[in-house]
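*Asks:* Got a predicted structure here, sequence first:
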Amino acid sequence: MSVTERIQNQLASDAAVLYMKGSPEFPQCGFSSKVVQILGACNAKYTYINIFEDPEVREGLKVYSNWPTYPQLYIKGELVGGCDIVTDLYTRGELTSMLANAGAVQ
């Protein structure tokens, strides 16, 4: 299976998928930590992928998404963005409704 197919399968596994450094319990960068906090404030239900555990996905996702940095949040298989965009959407009150519309709220 190619890295693109693996990424597509990961994105199909849940309505919301976060590619991050570390885990929600132990984020390994401030940006990942902030996105996890925001998703928690939204009561989001999501799958996370620790990019440090899979170098092939870490590099392949940069090409797949045309987005060079992490974290990367996807809702319904579509890239939402990184920390700045997620923070902005949350601040404007849009992220919670995006997650709810996708069925990704507990």
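*Replies:* Yes, it's here. Numbering: from 1, shown residues only.
*Asks:* and the nearest residue to K76 once chain neighbours are set aside, what does it touch?
*Replies:* Nearest non-adjacent residue to K76, counting by C-beta to C-beta, 6 or more residues apart in numbering: A102, 4.9 Å away. From N, CA and C alone the C-beta is placed, and that goes for glycine too. By C-beta atoms under 8 Å, 6 or more residues apart in numbering, the residues touching A102 are A15, A16, I75, K76.
*Asks:* mind putting those in JSON lines, distance to C83, secondary structure and neighbour count included?
*Replies:* Converted to JSON lines, the contacts of A102 look like this (distance: C-beta to C-beta, whole Å; DSSP: H, G, I helix; E, B strand; the rest coil; neighbours: other C-beta atoms under 10 Å):
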{"residue": "A15", "distance to C83": "20", "secondary structure": "coil", "neighbour count": "20"}
{"residue": "A16", "distance to C83": "15", "secondary structure": "strand", "neighbour count": "23"}
{"residue": "I75", "distance to C83": "15", "secondary structure": "strand", "neighbour count": "22"}
{"residue": "K76", "distance to C83": "20", "secondary structure": "coil", "neighbour count": "17"}
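*Asks:* from those residues, which is closest to S32?
*Replies:* Distance to S32, by C-beta to C-beta, is smallest for A16 among the contacts of A102, at 14.7 Å.
*Asks:* in the sheet, who's paired with the closest one?
*Replies:* Beta bridges link A16 to I75 when assigned by DSSP bridges.
*Asks:* show me what contacts it?
*Replies:* Neighbouring residues of A16 by C-beta under 8 Å, 6+ apart: L39, A44, K45, Y46, T47, L73, Y74, I75, L99, A102, A104.
*Asks:* cool, and L99?
*Replies:* The contact partners of L99, by C-beta under 8 Å, 6+ apart, come to A15, A16, L39, C42, A44, I75, V105.
*Asks:* measure the second one to Q72 for me?
*Replies:* Applying C-beta to C-beta, to the nearest Å, the value for A16 to Q72 is 12 Å.
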